[in-house]
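Enquirer: Here is a sequence together with a model predicted from it:
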Amino acid sequence: MALDKLYQQVILDHNRSPRHYGRLEGATHSARGHDALCGDDILVELRVADGKIQEAAFSGEACAITTASASMLMDWLVGRSRSEVALEHAHFAQLLDDPELPDRPELGAINHLRAVSGFPARVRNTLLPWRATLQALERQQ
């Protein structure tokens with residue numbers, strides 16, 4: 001199977017069966033991610049304790065790319081600190097901007113989303129859950 005086909009399969013799987021989808025009872029941090037151009041509107045909710053994300057979830061309406069990105073991100077977030085999330089967000093944005101860079105093992109399955117790098121609108125969709133997560137981490141409920 002070609003690598004681009006594998007990437008498409010992973011993205012479609014996360015869209016069809018998103019992980020960590022739904023409201024998070026007892027969330028300590030939350031933020032909405034909204035893209036007025038395409039209509040994506042998600043809510044990221046986190047439970048943070050001792051400086052680490054204990055639990056993460058998202059809800060709302062979004063396209064396949066945003067849904068897949070949020071699903072993969074929520075799975076990846078557990079156990080991470082705000083500084084780790086900010087650092088990997090910066091690295092991930094670079095990966096989407098430069099297809100010549102190698103995958104980051106630290107990002108795991110999130111690397112599959114690099115398949116959208118040639119499509120600026122899809123890059124914006126891919127980064128929407130990251131931006132909402134960083135905003136959530138800046139404010140406590």
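Expert: Looks like it came in fine. Bear in mind the structure is a predicted one, so any value in this text is a computation, not a measurement.
Enquirer: Going C-terminal from the worst-scoring helix or strand of the chain on mean pLDDT, what's the next secondary structure element?
Expert: Lowest on mean pLDDT, DSSP states H and E among the helices and strands of the chain sits helix 3-16, with a mean of 68. Following helix 3-16 in sequence order, the next helix or strand is strand 29-34 (DSSP states H and E).
Enquirer: Can you give the strand pairings for that following strand, parallel or anti for each?
Expert: Paired strands of strand 29-34, with direction, are strand 41-49 (antiparallel) (DSSP bridges).
Enquirer: Any regions of this protein where pLDDT drops low?
Expert: 1-7, 140-141 (pLDDT under 70).
Enquirer: try 50
Expert: Of all residues in the chain, those with pLDDT under 50 make up the ranges 1-3, 6.
Enquirer: number of nearby residues for I110?
Expert: 22 (other CB atoms under 10 Å). C-beta coordinates here come from the backbone N, C-alpha and C atoms, glycine included.
Enquirer: What's the separation between the nearest residue to it once chain neighbours are set aside and H29?
Expert: Using CB to CB, 6 or more residues apart in numbering and skipping residues adjacent in sequence, the residue nearest I110 is M72, 5.0 Å away. Distance of M72 to H29, computed by CB to CB, to the nearest Å: 19 Å.
Enquirer: Give me the more crowded residue out of those two.
Expert: The neighbour comparison of M72 against H29 (other CB under 10 Å) goes to M72, with 25 against 21.
Enquirer: helices or strands up against the strand or helix carrying the more buried one?
Expert: M72 is part of helix 64-77 when elements are defined by DSSP H and E. Helices and strands touching helix 64-77, by 3 or more CB pairs under 8 Å, 6 or more residues apart in numbering; DSSP states H and E, are helix 3-16, strand 41-49, strand 52-61, helix 120-138.
Enquirer: then that helix to CSV, C-alphas only?
Expert: Output of helix 64-77 as CSV, limited to C-alpha atoms (Å, rounded to 0.1, in the frame of the first residue of the first chain):
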residue,chain,number,x,y,z
ALA,A,64,-13.2,15.2,8.0
ILE,A,65,-9.7,16.7,8.4
THR,A,66,-10.5,18.8,11.5
THR,A,67,-12.3,15.8,13.1
ALA,A,68,-9.4,13.4,12.3
SER,A,69,-6.9,16.0,13.6
ALA,A,70,-8.8,16.5,16.8
SER,A,71,-9.2,12.8,17.3
MET,A,72,-5.5,12.1,17.0
LEU,A,73,-4.5,15.2,19.0
MET,A,74,-6.8,14.3,22.0
ASP,A,75,-5.3,10.9,22.1
TRP,A,76,-1.8,12.3,22.0
LEU,A,77,-2.4,15.0,24.6
